[in-house]
Structures are given as structure tokens and as C-alpha cells.
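S.K.: Got a sequence here, can you build the structure:
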Amino acid sequence: MAEACNDLSGDGLVDLQDRLLHRGFVTPKRNVNQIMIQDNAFINRMIVFTWPFFSLFLLLQPWLSNWANNTWYDYTATYRVYKDDASVEGDYKRPGMCDTEAKYMHCTDGQNFTELALKYRGKAVGCGCGQGVLGEGLCPMTSYGYTLSDFVSTEPGIAAMLGLGFFPLLGTWKNTMLINRLAKPSQFFERLHNWSMMVFQVSYVIWGIASDCIFPTTHAVLTVIFLGAFLLHWVITALICIACMGIANIESVVTTYVACTASGVIALGAIPRIFLTLNDVIGIAIFPNWNRGLGSYAFWFAEAGGLTLTFGAYPILLLAVYFFPQYRDLNHDGQYEEGEEELFALFPKFDN
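M.R.: Now for the predicted structure:
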């Protein structure tokens, strides 16, 4: 009789499934829609939580690079080697994480790398290709100044960028699918909406694989592709929302602001590179070299600022609706629909 009472699955056997059911692993009567909304809300909270860390990582790269590399440039792990009989042959160390001779490192802003290395590290060494916690930051290594690509040319650098950007990008995919559902764009613009995001995602992943210092040309081309595709994606999102819901809609406002601001920041930051490229094409140094002083940071800041904004569009949207809940009715039908709740919920509340 006791066994019959414990046969919760009703299959005539008291097995592992019944024991797990008895301990509360599953509640069959739970509302599926509430589960879906709660799961989406959890993902939304992770998106909002990780975006500031992603942004700080990008915007503090010059300082992080110098602090980390100047502190640990000579760090090396201990590597133990065993003999054939399993006894210890010895413990060995390598020169350090940054061991490129300073004579091979050339500052593109006119500074002397050897002098900088001796001043800040006490040793004439630099962080060469793939070396250091982040890429070399004592002075710019690229002709038009510091670049985000230089800083993330190391394994910790690219891993931090891709890892911290995971949830914000997941939010962009969520936003794409739900906007398609709520706004009902034409089949052409729905495909363009999805494919612009796909082109960004694929080129962004390959960009991370094709390191700046190993595959410079491929990396440079992919930088243009993924930035262009991501900006195009947010422009399409804004146009779909404006067409369906009007310019005063919260999604329209945020996406339009992000797309326009990010485009402006990236365009201004590209000026130093454009000037030098035009000089090369013309064959005469007509335009100035802005890779000096604060101008050396222009291109890096444009990349970091542009990605902070574009990766932050969905988190900004979530925070805006959280603090101003009157804007959560996207299609102005007077109802807070399931799709809108999936899109915006951070801390959902249910009647039961």
C-alpha cells in the first residue's frame, strides 16, 4: 500500500522517477506561461547585470593593459616534468608572459618604447603578439593609434570580451525575434532583420578567431563587416518599430538613439585612420597625423564606445521600461501582452 502511494508516475513501479517526484523536483500543475516569463526574466536580469561589466572592460582597456602588464610582465607558471619512472625530473619556469625585446617594439606616436619599458617595468621588454594579459598599452602599436583589436589580441583579452558580451548579444537576439512577432514586418524586412544579425554574429566570431596581430588584413575587414552589420541591424529594428508603433514608442526611441549615436561616434573616431589612408593614396602628407597625445585614443574610443552602445541597446531598453513601466505597451493596444512581458520583464509578478 505504501509503495502504491509512492507511485507518483502511475506506471506501477516505485522507481527513481517516483523518488524524484516525491522530493519536489517537478510540479506538473505549474503554469507554462508563467514558467516561460520567469525564465525570460532571469535571462533579462543577467543581460542587465553583465552589460556594465562588458562596458567597463572596453572603456578601461588602456588603463587595464598598463596596470596588468606592468605588474605581471615577468610572471610565469611553474611547469613540472616527470621521468619515465614517474619520479620528478624538475620544475621549470619560462622567461615571463612578456618577453619580446624592446628593440622589436615600435611606438607609432613618436615615443621611445625602450625608455617607456625601462621606466614602467624596469626592463627593456614588451608584450609582443599574443603576449600579456591584454595587448601592449605602453604606447600605440597601430599606425592610427590605440585600437580595441590590439588590446584583445591576447587570450585573456578576447575571452573577456566574448564572454562578457554573451548575455547582451543574447538579448539582441531575443529582441529581434519578439519585435518580429509584435510588429509583424513584411517577409522581406523580417528576413533582413534576422540576416543582418546573423551576418554580425558570424563575422564577430571569426573576427575573434582571426587575431589582429596574426591575421591583420582579415581582422580589419571583419571589423568593418561586423560593426556595419550590427549598426544596420539596429537601424532596421528602429524602422520596423517606427512603421508599426510610431516614433514615440520606447523601442523606436532607444534603438534610433543607439544607432545614430554609435554611428556618429564610430565615424568621428575613424578620422585619424581616414587621414593617414588618404595620405597614402595621394602619395603626399596633406592631412595631419592625429596619432599623438589624446588623439592616439580616438580610434580605440570610437570602437569601445560604439560597441558599448550597440551591445547596450537591449539592456538600456529593459532599464527604461523597468523605471518607466508606462512605456511597456509597445503596440499601444492598451494591454500588456505576453510578448511584451517576455520582452521587458525583470521581476514579474503573478496574481496566483
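S.K.: I'd like to know how many residues surround Thr176.
M.R.: When neighbours are defined as other CB atoms under 10 Å, Thr176 has 21 of them. Just so you know, the C-beta spots here come from the backbone N, C-alpha and C atoms, and that holds for glycine as well.
S.K.: which element is it on?
M.R.: Assigned by DSSP states H and E, Thr176 belongs to helix 166-183.
S.K.: Could you do Ser149 as well?
M.R.: helix 148-151.
S.K.: could you say what helices and strands that helix packs with?
M.R.: helix 61-72, helix 298-311 (3 or more CB pairs under 8 Å, 6 or more residues apart in numbering; DSSP states H and E).
S.K.: Buried deepest among these, which one?
M.R.: Comparing the helices and strands packed on helix 148-151 by mean neighbour count (mean count of other CB atoms under 10 Å), helix 298-311 ranks first with a mean of 23.
S.K.: Specify the angle between that one and helix 166-183 in degrees.
M.R.: Angle, helix 298-311 to helix 166-183, by axes from the mean of the first three to the mean of the last three CA atoms, to 10 degrees: 50 degrees.
S.K.: contacting residues around the helix holding Ser149?
M.R.: Residues from elsewhere that reach helix 148-151 (CB atoms under 8 Å, 6 or more residues apart in numbering): 58, 61-62, 65, 134-137, 140-142, 157, 212-213, 219, 223, 300, 303-304, 307.
S.K.: And for Glu155, nearest residue in space, chain neighbours not counted?
M.R.: Gly130 (7.1 Å; CB to CB, 6 or more residues apart in numbering).
S.K.: my guess is that neighbour contacts Gly157, does it?
M.R.: No. The criterion here is CB atoms under 8 Å, and Gly130 misses it with Gly157 at 9.6 Å.
S.K.: Check the gap between Glu89 and Thr78 for me.
M.R.: To Thr78, Glu89 is 13 Å away according to CB to CB, to the nearest Å.
S.K.: quick one: which of the two has more around it?
M.R.: For Glu89 versus Thr78, neighbours defined as other CB under 10 Å are more numerous around Glu89 (11 against 8).
S.K.: Is it correct that the more buried one falls within a helix?
M.R.: No. Counting by DSSP: H, G, I helix; E, B strand; the rest coil, Glu89 is not found in a helix; it is strand.
S.K.: May I ask you to confirm that it is in contact with Tyr82?
M.R.: Yes. Between Glu89 and Tyr82 there is a contact under CB under 8 Å: 6.1 Å.
S.K.: what touches both of the two?
M.R.: Between them, Glu89 and Tyr82 share no contacting residue, judged by CB under 8 Å, 6+ apart.
S.K.: tell me the mean pLDDT over the following helix or strand past the helix holding Thr176?
M.R.: Remark: after helix 166-183, the chain's next helix or strand is helix 187-209, criterion DSSP H and E. Across helix 187-209, pLDDT averages out at 94.
S.K.: repeat for stretch 308-327
M.R.: Averaged over stretch 308-327, pLDDT sits at 87.
S.K.: Quick check: end-to-end length of it?
M.R.: One end of stretch 308-327 to the other measures 23 Å (CA to CA, to the nearest Å).
S.K.: Contacts for that stretch, please.
M.R.: Stretch 308-327 has contacts (CB under 8 Å, 6+ apart) with 44, 47-48, 51, 54-55, 58-59, 165, 168-169, 171-172, 174-175, 230-231, 234, 249-251, 254-255, 258, 261-262, 265, 328, 344, 346.
S.K.: can you rerun that using 6 Å?
M.R.: Defining contact as CB atoms under 6 Å, 6 or more residues apart in numbering, one finds that stretch 308-327 is touched by 44, 47-48, 51, 55, 58, 165, 168, 171-172, 175, 230, 250, 254-255, 258, 261-262, 328, 344, 346.
S.K.: Those, buried ones only, as a ChimeraX selection?
M.R.: Typed into ChimeraX, the line below selects the buried ones among the contacts of stretch 308-327, using 16 or more other CB atoms under 10 Å:
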select :44,47,48,51,55,58,165,168,171,172,175,230,250,254,255,258,262,328,344
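S.K.: Which of the contacts of stretch 308-327 fall within helices?
M.R.: Taking DSSP state H as the definition of helices, the contacts of stretch 308-327 contribute 44, 47-48, 51, 55, 58, 168, 171-172, 175, 230, 250, 254-255, 258, 261-262, 344.
S.K.: related to what we said a few turns ago, for the residue nearest to Glu155, which three-state class applies?
M.R.: coil.
S.K.: Spatially, and excluding backbone neighbours, which residue is closest to Asn175.
M.R.: Tyr314 (4.9 Å).
S.K.: in which helix or strand would I find the one you found?
M.R.: Going by DSSP H and E, Tyr314 is part of helix 313-323.
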